[in-house]
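>>> no sequence on hand, only this structure:
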């Protein structure tokens, strides 16, 4: 897997987990969903993604977006 695929998989997983927590525990978990969505939006505009930098330093190969 390249960095792009890992970033999308990680973001999708965090969103799904936070929605499940919001349904079964507290609606405040939707703030995590909003944070991940906002981070994806700013990454699409600026091209800067903290997770992509971390994955690159761990040696994962680059994709076309990051």
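Yep, that arrived. If you're wondering where the values come from, they're calculated on a predicted model, not measured in any experiment.

>>> wait, residue 65 sits on residue 4?
Yes: Residue 65 sits in contact with residue 4 when judged by C-beta atoms under 8 Å, with a separation of 4.8 Å. From N, CA and C alone the C-beta is placed, and that goes for glycine too.

>>> of these two, who's got more company?
residue 4 (18 against 15; other C-beta atoms under 10 Å).

>>> give me the element that one is part of.
For residue 4, the host element (DSSP states H and E) is helix 3-24.

>>> contacting residues around stretch 4-20?
1, 29-30, 32-33, 36-37, 39-40, 43, 49, 51-52, 55, 60, 63-66 (C-beta atoms under 8 Å, 6 or more residues apart in numbering).

>>> residue 48 contacts residue 41, correct?
No: under the criterion of C-beta under 8 Å, residue 48 makes no contact with residue 41, lying 11.9 Å away.

>>> how far does stretch 46-60 stretch from one end to the other?
Using C-alpha to C-alpha, to the nearest Å, the end-to-end distance of stretch 46-60 comes out at 21 Å.

>>> distance between that stretch and the chain's centre?
The chain centroid and the centroid of stretch 46-60 are separated by 11 Å under C-alpha atoms, centre = their mean, to the nearest Å.

>>> can you give me the buried ones in it?
For stretch 46-60, a neighbour-count test (16 or more other C-beta atoms under 10 Å) marks 49, 52, 55, 60 as buried.

>>> also stretch 12-23?
15, 18, 21, 22.

>>> and the residue nearest to the last one when sequence neighbours are not counted, how far from residue 43?
Sequence neighbours aside, residue 29 is the residue nearest to residue 22 in space, at 4.1 Å (criterion: C-beta to C-beta, 6 or more residues apart in numbering). Going from residue 29 to residue 43 by C-beta to C-beta, to the nearest Å gives 22 Å.
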